[in-house]
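Q: the following block contains a protein sequence and its predicted model.
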Amino acid sequence: MKIGILCYPTYGGSGIVATELGMALANKGYEVHFISSNLPARLDITNPNIFFHKVNVQTYPLFQYQPYDIALSSMIYRVVNLYKLDLLHAHYAIPYAYAAFTAKQMLKEEGKDVPLVTTLHGTDITLVGQHPSYKHAVEFSINQSDAVTSVSESLKRDTLKFFNIKRPIEVITNFIDNRVFTPEIPCQRNQFAQNDEKILIHVSNLRPVKRVGDVLQIFKNVQAKIKSKLIIIGEGPDMELINQFLEENPELINKVRLLGKVNDLYRILELSDVFLLPSEQESFGLAALEAMAAATPVISSNAGGIPEVNIQGVTGYLAEIGNVETMSNYTIKLLSNPELLCEMKVNAKAQAETFDLTKILPLYEEMYKRTLQTFSKTTKS
Ligand code: GMT
C-alpha cells in the first residue's frame with residue numbers, strides 16, 4: 001500500500017505522531033510519502049520506503065499572505081498522480097484534511113480519487129477549530145473524510161459536542177515505541193542535579209495552554225520542602241514568562257535548566273523523578289506518555305484525555321486545572337516517599353507498555369484496509 005501522510009513538520013504532538021506512524025509503516029514495507037512544509041523533525045529519510053515532498057509556496061508581491069493551503073493541495077494532487085498513492089492520511093484537520101479534500105476534487109476531474117483518513121489531534125478541535133474563522137472549514141473537512149480517527153475518547157466526545165459530525169469517529173490512541181526508551185548511552189544525572197536533589201521535568205511547546213506558570217509555581221513550592229532542580233524542554237511563546245519568573249525569583253535561577261529543543265529526549269526523561277503537565281487542555285498528552293515510557297511518574301491536571309493516560313494514584317496524580325496547591329502537595333508526597341516513587345515508576349512503565357506501538361499500529365493498518373474496501377465499493381457503485 002502507498003500512503004501519503006500530510007502533517008506539520010514541527011515538534012508539536014501531531015507531527016510527532018504522524019512521523020512515528022509513517023516510519024513504523026515504512027518499516028513494515030509500506031511506501032510512505034510525507035507531504036509537509038519542511039522535513040518532519042524526527043523523520044528518518046534514509047529509510048528506502050520513505051519519501052519526502054516539500055510544499056513550496058511561491059512568494060509573490062501581490063500576496064499579503066502566502067497561500068500555503070493552495071500549494072499544499074497542488075502538491076498532494078501531484079504526488080498522488082506521480083506515485084499512484086492508494087490512500088491519504090491527514091494529521092490535524094486544518095489545513096491538512098481541508099487541502100486533501102481540494103486535491104481529491106482536482107483528481108476527480110480526471111476520473112481518479114483516493115480515500116482520505118483524517119486524524120484529529122486536539123487543538124484542531126478544542127482551540128483553533130473553535131474560532132469562527134475556521135470552525136466551518138474544520139467541520140466540513142471532517143465530514144468529507146472517508147474515515148476519521150481521534151487520539152482519545154475525550155477528543156471524540158469534544159468533537160461530537162462542538163461540531164455537527166456525520167461520520168463515525170474511531171478512537172485510535174497515540175502510541176509509543178518502548179524499545180526507544182532504553183538508552184544505549186544513559187545521560188549523566190550529575191549533569192543536572194546533585195545526588196541529594198530530585199529532578200522535576202516539563203516538556204512542551206510552551207504555549208499558554210500548557211500553563212507553564214503553574215509548572216514554575218509547583219516547582220517553587222516543591223523546592224522549598226525538597227532539594228530539587230527543574231528541567232524545562234521546548235521552545236515557545238511562554239519562554240518570556242519563564243524569564244520573567246526567574247527575574248522575580250533570582251534565588252531559583254541556578255535551580256531551573258532551560259534546554260530548548262532536545263533530540264534524544266528519553267535520555268533526560270529517564271533520569272527525571274517526576275514529570276509535570278498542568279495543561280489547560282490536552283486531548284491525550286503524548287508528552288506524559290513519553291515520560292511514562294521512561295519510567296517517570298506524572299503529576300498533571302485532569303484536562304481532556306490526560307486521565308486516559310495518567311491514572312490517579314497509580315502512575316502519578318491528577319488535580320483540577322489550575323490547582324497548583326494540590327499538584328505541589330502531590331509532588332512533595334511522591335518525592336519524599338522513596339517506596340511510593342519506586343512503585344509509581346514501575347506502574348508508569350507498565351502503563352506505557354499498554355500504549356506500545358506493536359498494539360496500536362495494527363489498528364491503523366486494519367482501519368486503512370477497511371477504508372480502502374469501503375471506498376472501492378462506493379466508487380464502483
Ligand atoms: O499541544 C501540543 O503539544 C501540540 C498539539 C499538536 O496538535 O501538535 O498536540 C495535540 O496532539 C498531540 C498528539 O496527538 C496530543 O498528545 C496533545 O495532547 C494535543 N494537544 C492538545 O490537545 C492541547
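A: In hand now; what should we look at?

Q: return the residues of the stretch 151-300 of the chain in contact with the ligand.
A: Neighbours of the ligand within the stretch 151-300 of the chain, by CB under 6 Å from any ligand atom: 151, 174, 204-205, 209, 281-286. Heads up, the C-betas are built off the backbone N, CA and C, glycines and all.

Q: from these, pick the one nearest residue 379.
A: Residue 379 lies nearest to residue 151 out of those, by CB to CB, at 28.3 Å.

Q: give me the nearest residue to the closest one, chain neighbours excluded.
A: residue 284 (4.5 Å; CB to CB, 6 or more residues apart in numbering).

Q: where does that neighbour land in three-state SS?
A: The assignment at residue 284 comes out as coil when based on DSSP: H, G, I helix; E, B strand; the rest coil.

Q: got phi/psi on it?
A: Dihedral pair for residue 284: phi -140, psi -60, per degrees, to the nearest 10.

Q: isn't it up against residue 173?
A: Yes. Taking CB atoms under 8 Å as the definition, residue 284 is a contact partner of residue 173 at 6.8 Å.

Q: shared neighbours, the two?
A: Applying CB atoms under 8 Å, 6 or more residues apart in numbering, one finds that residue 284 and residue 173 are jointly contacted by 151-152, 308.

Q: what is the worst-scoring helix or strand of the chain on mean pLDDT packed up against?
A: When the helices and strands of the chain are compared on mean pLDDT, DSSP states H and E, helix 123-126 comes out lowest with a mean of 78. The contact analysis (3 or more CB pairs under 8 Å, 6 or more residues apart in numbering; DSSP states H and E) places helix 123-126 against helix 153-162.

Q: with just CA atoms, put the helix it packs on into PDB.
A: C-alpha atoms of helix 153-162 as PDB (Å, rounded to 0.1, in the frame of the first residue of the first chain):
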ATOM      1  CA  GLU A 153     -12.200   9.100  23.900                       C
ATOM      2  CA  SER A 154     -12.200  12.600  25.300                       C
ATOM      3  CA  LEU A 155     -11.300  14.200  22.000                       C
ATOM      4  CA  LYS A 156     -14.100  12.200  20.300                       C
ATOM      5  CA  ARG A 157     -16.600  13.500  22.800                       C
ATOM      6  CA  ASP A 158     -15.400  17.100  22.300                       C
ATOM      7  CA  THR A 159     -15.600  16.700  18.500                       C
ATOM      8  CA  LEU A 160     -19.200  15.400  18.700                       C
ATOM      9  CA  LYS A 161     -20.100  18.200  21.200                       C
ATOM     10  CA  PHE A 162     -18.600  21.100  19.200                       C
END
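
Q: avg pLDDT for it?
A: The average of the pLDDT scores along helix 153-162 is 96.

Q: give me the contact list for it.
A: Contacts of helix 153-162 (CB under 8 Å, 6+ apart): 120-122, 125-126, 129-130, 142, 150, 165, 169, 171, 283-284, 304-305, 307-308.

Q: just stretch 239-252 next, same as before
A: Residues outside stretch 239-252 that contact it (CB under 8 Å, 6+ apart): 206, 212-213, 216, 219-220, 223, 232, 253, 256, 258.

Q: what do you get for stretch 317-331?
A: The contact list for stretch 317-331 (CB under 8 Å, 6+ apart) reads 200, 211, 214, 217-218, 221-222, 274, 276, 278-280, 299-303, 306-307, 310, 312, 316, 333-334.
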